[in-house]
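this is a predicted model, with the sequence first.
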Amino acid sequence: MNEDYYNGQVLRFRAFRMKCRISLAELSQASGISIQRISQIELMDCPVTPHLIELLTRALEIVLLRHGCSEHRGLS
């Protein structure tokens with residue numbers, strides 16, 4: 001596993017998801033990644049790849065647009 005776990009990107013991702021009240025189920029549906037896998041990634045229980053980060057980031061953006069959350073600009 002990457003020592004810095006993508007410089008905390010995964011941890012910020014979970015905090016951001018929770019702040020915008022996005023459920024694991026919504027993110028799973030939008031990304032095609034299982035709820036269990038997303039949870040493992042957020043808890044740093046499994047390796048994460050750049051591809052998974054890309055899928056989750058895109059899915060988060062899709063869900064944010066559906067929700068109309070104004071916080072989506074803070075993702076980058």
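It's in.

who are the packing partners of the biggest helix by length in the chain?
If you go by DSSP state H, the chain has its longest helix at helix 50-67. Packing contacts for helix 50-67, counted by 3 or more CB pairs under 8 Å, 6 or more residues apart in numbering; DSSP states H and E, involve helix 9-19, helix 24-31, helix 35-42. (Each C-beta comes from the backbone N, C-alpha and C, glycine too.)

quick one: A30 and H67 touch, right?
No. Look at A30 against H67 with CB atoms under 8 Å: they stay out of range, at 11.2 Å.

more neighbours: those two, which one.
More neighbours surround A30 than the other of A30 and H67, with 19 against 14 (other CB atoms under 10 Å).

identify the residue nearest the more buried one in space, chain neighbours excluded?
For A30, ignoring the flanking residues on the chain, the nearest one in space by CB to CB, 6 or more residues apart in numbering is A59 at 3.7 Å.

list the contacts of the one you found.
Counting by CB atoms under 8 Å, 6 or more residues apart in numbering, A59 touches L27, A30, S31, G32, I33.

closest to A15 among those residues?
L27 (13.7 Å; CB to CB).

for the closest one, list the residues it contacts.
For L27, the contact set (CB under 8 Å, 6+ apart) comprises R17, I33, I38, L56, A59, L60, V63.

adding pLDDT, write these out as CSV.
Shown next, in CSV, are those (pLDDT from 0 to 100):
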residue, pLDDT
R17, 86
I33, 96
I38, 93
L56, 90
A59, 94
L60, 89
V63, 93
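
looking at neighbours, which among these is most surrounded?
In those, the most neighbours by other CB under 10 Å go to L56, 24 neighbours.

does it touch I38 like I think?
Yes. Applying CB under 8 Å as the test, L56 and I38 come out as touching, 7.0 Å apart.
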